[in-house]
Structures are given as structure tokens and as C-alpha cells.
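A.B. asks: coords please:
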Amino acid sequence: MGIERYRLGCAMWGLKSWVGELFAPNTKSAEFLAAYASVFNAVEGNTTFYGVPDANSVARWRDATPASFHFCFKFPRRISHELRLVGAAAETRAFLEALAPLGPRLGPFFLQLPPEFDVGSLPALSAYLRSLPPQWRYAVEVRSLTFFRGDAEARLVETLVRHGIDRVVLDARVLHRTVSDDDWIVESKRRKPDMPVRRIAIAANPFLRLIGNDVLADASTCVASWAHIAAGWLDEGRTPYVFLHSPDDFFAPRMCTAFHGALSAWRDVGEMPRWPGMARACRQMTLL
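C.D. replies: Residues are numbered from 1 along each chain as shown. Down below sits the predicted model:
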């Protein structure tokens, strides 16, 4: 029993509020990753955005997960936001070598570019992608609207195709059409840009980041639409990576379960394991 044919998860593997919800009551923080990996088969590794992990941390992550589990680690901000991919060879080598012991657990590395990295920097992106070791997989997220004007998007896609790199799709439409003064919503809108959404896969592993708004019913139409698109990707022989977010990520596992249910209506993608947490929480996931 488990999720099959695609990868599904959240932006993180350990949230204290998941104890008694996704995790069993009394689960210790050191047990969060193993408990998370007993349900989901992938996670965004956002922790590496803030720095390269030490060898002991990497060994703990390896030992806490099955070989079939995938981490999609984000490139450190030193590389993507400070150096803007220029002169970053040493930093890139240190980052990839630090995580190499995870071996088969490494999904696509996630390169998120800052809003200031515009179409004028496309040559730097191309040069950087060309320098990356070919034994790993990568996915790129752009956050500048200049990539969506004129022929810029075609040039971006051509660059990614040439290097066999997937494009990260960020869909925050549900979040940005939410009218609320809730602090979680306001902060999430600030951090997650409202970018044009593209549904075309480029390489073998379409990479979707779907942002909700903590009200599961509000996201139901969007979840169902993306599940249908993911079914098409599966038919093309691709293996999608799908990560569900919410402003308060307490709700992200419920969104994941809703997505899996919607995709299961289209294709056989296995059965999501029962959460280690309370049975009450499992019943609540039927809201969608």
C-alpha cells in the first residue's frame, strides 16, 4: 500500500501542530521525518535554502526514510539570490556533495530564482544549468514577470528543454483571490507571487507547487483541475512531483489527501497510507 506513479508531499516534513493530526499523539520531533515518510513519498527540502546541512543531518535523513522516498532540496539562497548563479561553482559543488549520500532518495533539486532575476539574466541561467552535474535532476522556478512577455517565455522553455530541466509551476491563484486580513494569509500572499500559470510539461518530472488558503473547499476546483492534468502527464510516461501548500501548513496534508483522491478518480495511483494521527483527523479529510 502506498502512493504510486507520482510523487506527493508538503513543503516540510515536520510541523509541531501535526502531532495528533498527521502524526500520532506524543510523536517526538526526532520522529517527525519517519512519520511523514510513512504517508508521503516526497517532500520539498526548503531547509537547504538557508544553508548546507552537515553530514550528521544528512545521515539522519537517510536513516529515517526508505530508499523510495524523495527529497527535492532547494538550492541555497547564497547561490540563487545572492550570487544570482554567477561565480557559484564552489558553493554548488559543496551543496550537491553534501547531499550526495542520500543517493536514490534525491529527487529533482529545486532552483528558485528571485524576482530580480529577469529575462536579461537568461544567459546566466543557461550557463549555470550547463555546468550542473548530469547525474542529478533539476527543476527551475522563475519569479519575474519579464519571462512571460514577448518571446521571453519561448526562450526560457528552449533553454530548459536544451538542458533537460523541468520547469516548476507555482499556482497561487486560490491564495491571491482570497480576501482576508488574517496574518497567515497576508504573509503568504507577500511570499508567494501571483504568477501566470502554465500547464505544459517540459521534461520527465513536472514539478507543481499548489498553494491553497486554509479553506479546503475553496481549493477543490483547482485541485480537481490539476489532478486531471497530472493524469495526462502520467499517460505521457512522466512522473509528476506535486507539493501542496497552505498559509498555515497545518492544512497541507489534508490538501495532499484531497489531491490524491482526485487523481485516483482518473488513474490508479495506489492508496495513500493511513495517517499515524488521530482517526478524527482522517474523517475530516473528506471535506473535499
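A.B. asks: what about Glu187, how many neighbours?
C.D. replies: Using other C-beta atoms under 10 Å, Glu187 is surrounded by 11 other residues. To be clear about C-beta, it is placed using only N, CA and C from the backbone, and glycine gets the same treatment.
A.B. asks: any idea how far it lies from Val161?
C.D. replies: 35 Å (C-beta to C-beta, to the nearest Å).
A.B. asks: all strands for the chain, in order.
C.D. replies: For the chain, strands defined by DSSP state E occupy the ranges 7-9, 42-45, 70-73, 109-112, 138-141, 166-171, 207-211, 241-245.
A.B. asks: now these as CSV including mean pLDDT?
C.D. replies: Compiled in CSV, the strands of the chain are given as follows (pLDDT from 0 to 100):
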stretch, mean pLDDT
strand 7-9, 98
strand 42-45, 96
strand 70-73, 98
strand 109-112, 98
strand 138-141, 98
strand 166-171, 96
strand 207-211, 96
strand 241-245, 96
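A.B. asks: can I get those in JSON lines including distance to Val58?
C.D. replies: Below are those laid out as JSON lines (distance: least, C-beta to C-beta, whole Å):
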{"stretch": "strand 7-9", "distance to Val58": "18"}
{"stretch": "strand 42-45", "distance to Val58": "11"}
{"stretch": "strand 70-73", "distance to Val58": "10"}
{"stretch": "strand 109-112", "distance to Val58": "14"}
{"stretch": "strand 138-141", "distance to Val58": "19"}
{"stretch": "strand 166-171", "distance to Val58": "23"}
{"stretch": "strand 207-211", "distance to Val58": "22"}
{"stretch": "strand 241-245", "distance to Val58": "20"}
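A.B. asks: out of those, which is closest to Ser80?
C.D. replies: strand 109-112 (6.1 Å; C-beta to C-beta).
A.B. asks: list the buried residues of the closest one.
C.D. replies: For strand 109-112, a neighbour-count test (16 or more other C-beta atoms under 10 Å) marks 109-112 as buried.
A.B. asks: can you check stretch 215-222 too?
C.D. replies: 216, 218-220, 222.
A.B. asks: one more: stretch 200-210?
C.D. replies: For stretch 200-210, by 16+ other C-beta under 10 Å, it's 201-203, 205-210.
A.B. asks: what's the answer for stretch 53-72, then?
C.D. replies: For stretch 53-72, by 16+ other C-beta under 10 Å, it's 53, 58, 61-62, 64-65, 69-72.
A.B. asks: quick check: Asn41 touching Cys72?
C.D. replies: No - counting by C-beta atoms under 8 Å, Asn41 stays clear of Cys72, with 11.3 Å between them.
A.B. asks: mind putting the buried residues of stretch 215-222 into JSON lines with pLDDT and distance to Leu132?
C.D. replies: Formatted as JSON lines, those follow (pLDDT from 0 to 100; distance: C-beta to C-beta, whole Å):
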{"residue": "Leu216", "pLDDT": "74", "distance to Leu132": "38"}
{"residue": "Asp218", "pLDDT": "79", "distance to Leu132": "38"}
{"residue": "Ala219", "pLDDT": "82", "distance to Leu132": "34"}
{"residue": "Ser220", "pLDDT": "89", "distance to Leu132": "38"}
{"residue": "Cys222", "pLDDT": "93", "distance to Leu132": "32"}
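A.B. asks: closest to Gly2 out of these?
C.D. replies: The closest of these, once distances to Gly2 are taken by C-beta to C-beta, is Leu216, at 23.0 Å.
A.B. asks: scan the chain for its longest helix.
C.D. replies: helix 220-235 (DSSP state H).
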